[in-house]
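**Q** below: sequence and its predicted model.
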Amino acid sequence: MTTRTGPHPTRRLILQGAASVALLGLGNLPFGAAPARAAANDKYPEEAFKQKREADAIKSLYGRTAEPSDKVKLDAPEIAENGGVVPISVTTTLDKVTSISFFVAENPNALAASYRIPDGTIPSVANRLKMAKTTNVTAIVEADGKLYRATKEVKVTVGGCGG
Amino acid sequence: MASSIRVRATANGDITEVQTLIQHPMDTGFVKDAKGELIPAHFIQELKFEYNGKDVFVADWGTAVSKDPYVKFSFKGAKKGDDLKVSWTDNKGKSDTTTAKIS
């Protein structure tokens, strides 16, 4: 493993990377390297990504709960043969969307990805996520200060979190 | 080193569709290697798209995003020939940046 494959790493980044590797080598938790980045990356929702349960992750990220809405269209396969790569997308007809987030209920950490949607960007995102086992995938759309959700169960044949 | 970022940005009228593929292991920290030792978590935390000096899309990612991540979104207001800047930073402080021409 190398810590300097970036094209123009600054000295600070190299040192930081090296320190992270050293920490992890001592058997720290998987997220042991994360706090070092938090200060430099002020908007990254560190805490929300550490939450295990979906409800806790939503609370940490948004501070409130979401209501189901048929205006949030979540597209995910019925059955995913490979839990390592599950194509999931969401679109919405809601106005004033500011963010879209994806949660996988029974992954080790429920929050998978969160996207900030500035003015002028279409509220539609497609990505590929890992799923540990058959469980619910939830998309949350933040629009005009309110939260809306859509949930769908995806059956996973082979889990994507290794072990 | 070749860029880890591959971007295709296509303008169709006022809307530009952006598809991105990044080479990155996205290690979760839960997987063991052949010797039975845990592979430390190594994943992209933030992926940013800038057009005209302004963020048009920002992704915050955890370890549940698949290896070699793919993401697609669209935004308004860009023209063919304009530049779109893409950059990512991972949890080890590595980063990469590229600029794509909108076609």
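**A** Sure, I can see it.
**Q** phi first, then psi, for the residue in chain B positioned nearest to chain A.
**A** Closest residue of chain B to chain A, Cβ to the nearest Cβ: B:Gly29 (2.6 Å). All C-beta spots, glycine's among them, are computed from the backbone N, C-alpha and C. Dihedral pair for B:Gly29: phi 90, psi 0, per degrees, to the nearest 10.
**Q** quick test: name the residue nearest the centre of chain B.
**A** Chain B has B:Leu47 as the residue nearest its centroid, 4.9 Å off, counting by Cα atoms, centre = their mean.
**Q** so what's that residue up against?
**A** Shown in contact with B:Leu47 (Cβ atoms under 8 Å, 6 or more residues apart in numbering or on different chains): B:20, B:22, B:58-59, B:61, B:69, B:71, B:86-88.
**Q** so which of those residues are also by chain A?
**A** B:58-59, B:61, B:69, B:71 (Cβ under 8 Å from any Cβ of the partner chain).
**Q** circling back to that earlier point, I figured the residue of chain B closest to chain A hits B:Ala64, correct?
**A** No - applying Cβ atoms under 8 Å, one finds B:Gly29 not in contact with B:Ala64, separated by 11.4 Å.
**Q** neighbour count: the two, which is higher?
**A** B:Ala64 (26 against 23; other Cβ atoms under 10 Å in any protein chain shown).
**Q** tell me who's in contact with the more buried one.
**A** A:104, A:107, A:109, A:111-113, A:129-131, B:28.
**Q** just flag the most distant two among the ones next to chain A among the contacts of B:Leu47.
**A** Within the ones next to chain A among the contacts of B:Leu47, B:Val58 and B:Pro69 form the most distant pair, 14.1 Å apart (Cβ to Cβ).
**Q** quick check: A:Ala48 is in a helix.
**A** Yes - when the secondary structure is assigned by DSSP: H, G, I helix; E, B strand; the rest coil, A:Ala48 falls within a helix.
**Q** could you double-check that it lies in contact with A:Ser114?
**A** Yes - in this structure, A:Ala48 is within contact of A:Ser114 by Cβ under 8 Å, at 7.4 Å.
**Q** need the overlap of contacts for the two.
**A** Here A:Ala48 and A:Ser114 have A:Leu61 as joint contacts, going by Cβ under 8 Å, 6+ apart.
**Q** what's next to the helix or strand hosting A:Ser114, contact-wise?
**A** Per DSSP states H and E: A:Ser114 is located in strand A:111-116. The contact list for strand A:111-116 (Cβ under 8 Å, 6+ apart) reads A:43, A:45, A:48-49, A:51, A:54, A:57, A:61, A:98-104, A:125, A:127, A:129-130, B:55, B:57-62, B:64-65, B:73.
**Q** which neighbours does it have in its sheet, and in what orientation?
**A** Using DSSP bridges, strand A:111-116 pairs in its sheet with strand A:97-104 (antiparallel), strand B:54-61 (antiparallel).
**Q** what is the subsequent helix or strand relative to that strand?
**A** Assigned by DSSP H and E, the successor of strand A:111-116 is strand A:124-129.
**Q** which strands and helices sit next to whatever helix or strand comes next after that next one?
**A** Sequence order places strand A:135-143 as the next helix or strand after strand A:124-129, per DSSP H and E. Counting by 3 or more Cβ pairs under 8 Å, 6 or more residues apart in numbering or on different chains; DSSP states H and E, the packing neighbours recorded for strand A:135-143 are helix A:54-62, strand A:72-75, strand A:86-92, strand A:97-104, strand A:146-158.
**Q** by contact count, what packs against the longest one?
**A** For strand A:146-158, the contact count by 3+ Cβ pairs under 8 Å, 6+ apart identifies strand A:67-68, strand A:72-75, strand A:79-82, strand A:86-92, strand A:135-143 as packing neighbours.
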